[in-house]
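Visitor: Structure, please.
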Amino acid sequence: MSINRVNKLREAMQQSNVEAMFVTSSINRRYLTGFTGSSGYVLITLHDAYLLTDFRYMTQAPQQAKGFTIVEHGPKVADTVKELLTSANIGKLGFEQDDVSFSGYTAYAEQLKPIQLVPVSGLVEKLRIFKDDEELKVMQRAADLADDTFKHILGFIKTGMTEREVDLEMEFYMRRHGATSSSFDTIVASGERSAMPHGVASERVIAGNELITFDFGALLDGYCSDLTRTIAIGDPDPKLKEIYDIVLEAQLHTLQNIKPGMTGREADALARDIITKYGYGDKFGHSTGHGLGMEVHEMPRLSKLSDDVLKPGMVVTVEPGIYLPGLGGVRIEDDIVITETGIVILTHSSKDFIVLPA
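Guide: Below is the predicted model of the structure:
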């Protein structure tokens, strides 16, 4: 196990005044243990670390969750948790309030009596904000695969294809080259649909003289990439080239000036102020970026309401956009690492205004 991660969690537990922590989130379970099975729970005390799973994973779990005591739980995992806590004389158990449903909470509360359940939020997630060197290596590979996928799709896409056909080719390419899956539902939004910030691929047939926005990423060894590029097929409306240049200016300005110590709202303003200067502020309705890691949306937030402070080790996206309903839209996105002195850009696909033949 990562002793460093578990010990940091123990420090957070003490600050939250809990003697033990019950981790139910599958993402947080993998982060702490390395275990990739579909079922399991983590129980951390100040002195012990347990991975509770079922019969199906009793061979796999010890191979992956090094340093954890592997326990095969019974039909009710709460019974096993209660037994372990009672033997350690622990009477207070923290649980992930953002992961456990109300019905789950009431069941645990009844089954674990007299142990007191304490709702806590974000203990593991706050650790995940800061990526270590090994995590950054994986995220660079995921970013490289996204770049390779974009290059591949430029040679594949043609008018007459549906957005969904393009989406499937992107998915196949990423999986053929090591991805578990895409990071999220791939956006392939062509023509007027490119004005939809989350225009997931549809059966629309790609035509000429229009823009296409690709927003996608690879889930690779548990970590996500997130890349957006907008291209043209044929000769689109000149207004679309105009907003492309504005979005590119805003994105490059943000990349050149974002730095550690800046708040999320300050980073957001780097892009938003430029887009607003050109008169399109009301056409940029989402945040400039978000944290990225084992999930595609993590902390911190780069939004006009965010006081999150950017610190070294954080990975965030920078993705301004302009959307003109009935005409089309543009978004350009890269993944970056905040460093002690500035940033490192993980994604490197061309941001030239690419025009493919109609």
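
Visitor: C-alpha only now, for contacts and for neighbours.
Guide: Noted.

Visitor: quick one, helices of the stretch 201-350 of the chain?
Guide: Assigned by DSSP state H, counting those that start in this stretch, the stretch 201-350 of the chain shows helices spanning 238-257, 264-277.

Visitor: quick one: average pLDDT of the longest one?
Guide: Rounded to a whole number, the mean pLDDT of helix 238-257 is 99.

Visitor: Return the distance of that helix from the chain's centre.
Guide: Remark: helix 238-257 is offset 24 Å from the chain centroid, using C-alpha atoms, centre = their mean, to the nearest Å.

Visitor: Just the buried residues of it, please?
Guide: For helix 238-257, the neighbour count (16 or more other C-alpha atoms under 10 Å) marks 240-241, 243-244, 246-252, 254-255 as buried.

Visitor: which other helices and strands contact that helix?
Guide: Judged by 3 or more C-alpha pairs under 8 Å, 6 or more residues apart in numbering; DSSP states H and E, helix 238-257 is in contact with helix 264-277, strand 315-318, strand 321-324, strand 328-331.

Visitor: Pipe those into CSV and attach mean neighbour count and mean pLDDT per row.
Guide: Shown next, in CSV, are those (neighbours: other C-alpha atoms under 10 Å; pLDDT from 0 to 100):
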stretch, mean neighbour count, mean pLDDT
helix 264-277, 21, 99
strand 315-318, 28, 99
strand 321-324, 24, 99
strand 328-331, 28, 99
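
Visitor: can I assume residue 42 sits in a strand?
Guide: Yes: assessed by DSSP: H, G, I helix; E, B strand; the rest coil, residue 42 belongs to a strand.

Visitor: and it, what does it touch?
Guide: Contacts for residue 42 (C-alpha atoms under 8 Å, 6 or more residues apart in numbering) come out as 21-24, 29, 49-52.

Visitor: Which member of those residues is positioned nearest residue 156?
Guide: For the contacts of residue 42, the minimum distance to residue 156 (C-alpha to C-alpha) is 38.5 Å, reached by residue 29.

Visitor: How about the host helix or strand of that closest one, which residues are buried there?
Guide: Element membership of residue 29 [criterion: DSSP states H and E] is helix 26-33. For helix 26-33, the neighbour count (16+ other C-alpha under 10 Å) marks 26-33 as buried.

Visitor: Show me the shaky parts of this structure.
Guide: Judged by pLDDT under 70, the chain has its weakly predicted residues at 1.

Visitor: wait, which of the helices and strands packed on helix 238-257 is closest to residue 299?
Guide: Comparing the helices and strands packed on helix 238-257 by C-alpha to C-alpha, strand 315-318 comes nearest, at 8.4 Å.

Visitor: For the closest one, C-alpha coordinates in CSV please.
Guide: These are the backbone C-alpha positions of strand 315-318, laid out as CSV (Å, rounded to 0.1, in the frame of the first residue of the first chain):
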residue,chain,number,x,y,z
VAL,A,315,-3.6,18.8,-12.6
VAL,A,316,-6.3,21.0,-14.2
THR,A,317,-7.9,21.6,-17.5
VAL,A,318,-8.0,24.9,-19.4
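
Visitor: Start at 27, not 1
Guide: Sure, I'll start counting at 27 from here, so that last one is strand 341-344.

Visitor: Give me the contacts around it.
Guide: For strand 341-344, contacts defined as C-alpha under 8 Å, 6+ apart pick out 155-157, 252, 277, 280-281, 314-319, 326, 358-364.

Visitor: Ok, stretch 203-217 next?
Guide: 168, 171, 189-190, 192-193, 197, 200-201, 221-222, 224-228, 230, 232-233, 236-247, 250-252, 321-322, 353-354.

Visitor: List buried members of those by neighbour count.
Guide: Buried by 16+ other C-alpha under 10 Å: 168, 171, 189-190, 192-193, 197, 200-201, 221-222, 225-228, 230, 232-233, 236-247, 250-252, 321-322, 353-354, out of these.
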